[in-house]
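Undergrad: quick one: sequence and predicted model below, then my questions.
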Amino acid sequence: MKFGIALLCGLLALHSCEVLADTETACLLKDPPIQCGGFCLSVLTPVLNHLTIAQDHRNPSDLNKSNEVLVRQYTMETQLAAMQEKQASFENSLDNTSLQNNILGQNFTERQDYLESQLSALQEAFFRVETKIKYLGFEQIGSKYFYIEKVTERNWSSASKSCRNMGGHLADIKDQEELNAIQANLKKDTHYWLGINDLSKEGEFLSMPSGKEAPFLKWASGRPTQLNTSNCVFLYNGEMYDYPCNYSFRFICQTEEENE
């Protein structure tokens, strides 16, 4: 607009100078910018007024339509901004919910693991108490429960019956480690019947509870004797002896229960 006005002023000034030249009047200006500017302004004022009037007298319906478009555009932009804000808030809410669900799930899993471990510990404690009640007088030695008779002496058959009445059987030792653990609880220089014999076949020493070959034998020097009358085995100072079953000794019982 400014460029157009300047161009128009220039053209008018040029035209005025040409007119003055034609009338043989000198076109001399003491202050060209000011004088030309005032001249241009006086000439262009009616034109500018006409443009302003034309602008002010535009069709009212066109103005209304323009205003409606602007209002609608503003409204849509406002609604869009509000929707974007709601979307961001919803996404935030989803993230928070997901995080809370993860935390709750983790806490639930940890609590479940804790409760399961507590239940397992209670079951183990209950099993031990139940075993102690069931096998009153038995004590844990190694992985098994044994009863060591400390007073009464019985023959092998009677000792075997006493163990059965208590819910166990005469002991058959499984290895040297178990023998050492048991021997640490026995009285020195004392005989204790075990659940091993060769009553079925001479020289074939079997475990009474399983009916199979004894899992572990640690004979004393010169044993077994190979005598038909020495069919039952006792333990004495960590070594085993075959001896007649009708003699009365103390005895060792064991249960089928094992502490895992």
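TA: Thanks, I have it. Note that the coordinates shown come from a computational prediction; the quantities given were computed from them, not determined experimentally. Residues are numbered from 1 along each chain as shown.
Undergrad: pull the longest helix from this protein.
TA: Secondary structure of the chain per DSSP state H: the longest helix is helix 60-134.
Undergrad: pLDDT of the helix or strand following it, averaged?
TA: Toward the C-terminus, helix 60-134 is succeeded by strand 139-141 as the next helix or strand (DSSP states H and E). Strand 139-141 shows a mean pLDDT of 92 in the predicted model.
Undergrad: repeat that for stretch 111-122.
TA: 87.
Undergrad: kindly report the same for stretch 177-196.
TA: 97.
Undergrad: ok, and for that stretch, which residues are buried?
TA: For stretch 177-196, burial by neighbour count (16 or more other CB atoms under 10 Å) applies to 178-179, 181-182, 186, 191-196. Just so you know, the C-beta spots here come from the backbone N, C-alpha and C atoms, and that holds for glycine as well.
Undergrad: if I look at the closest residue to His169 other than its chain neighbours, how far off is Phe234?
TA: Excluding the flanking residues, the one nearest His169 by CB to CB, 6 or more residues apart in numbering is Pro209, at 4.4 Å. Remark: distance between Pro209 and Phe234 (CB to CB, to the nearest Å) = 17 Å.
Undergrad: which ones are touching Glu178?
TA: 141-142, 144, 216 (CB atoms under 8 Å, 6 or more residues apart in numbering).
Undergrad: picking that back up, who has more neighbours, Pro209 and Phe234?
TA: Neighbour count, other CB atoms under 10 Å: between Pro209 and Phe234, Phe234 has more, with 23 against 17.
Undergrad: what secondary structure does Asp172 sit in?
TA: Secondary structure, DSSP: H, G, I helix; E, B strand; the rest coil: Asp172 is coil.
Undergrad: and Asp242, which of the three is it?
TA: Assigned with three-state DSSP, Asp242 falls in the strand class.
Undergrad: beta partners for it?
TA: Beta-bridge pairing for Asp242 (DSSP bridges): Val233.
Undergrad: and it, what does it touch?
TA: Applying CB under 8 Å, 6+ apart to Asp242 gives the contacts 198, 205, 223-225, 227, 230-233.
Undergrad: pLDDT score for it?
TA: Taking Asp242 on its own, its pLDDT is 97.
Undergrad: just give me the neighbour total for Phe205.
TA: The number of residues packed near Phe205 is 23, by other CB under 10 Å.
Undergrad: what's the answer for Met208, then?
TA: Counted with other CB under 10 Å, the neighbours of Met208 add up to 20.
Undergrad: report the contact partners of the nearest residue to it once chain neighbours are set aside.
TA: Among residues not flanking Met208 along the chain, Gly195 sits closest, at 3.9 Å (CB to CB, 6+ apart). Under the criterion of CB under 8 Å, 6+ apart, the neighbours of Gly195 are 160, 163, 169-172, 207-209, 254.
Undergrad: mind checking which of those land in helices?
TA: 160, 163.
Undergrad: could you dump the contacts of Gly195 to CSV with pLDDT and distance to Tyr243?
TA: Output for the contacts of Gly195, formatted as CSV (pLDDT from 0 to 100; distance: CB to CB, whole Å):
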residue, pLDDT, distance to Tyr243
Ser160, 96, 15
Cys163, 95, 18
His169, 95, 19
Leu170, 97, 14
Ala171, 96, 16
Asp172, 93, 16
Ser207, 95, 17
Met208, 90, 15
Pro209, 84, 20
Gln254, 94, 20
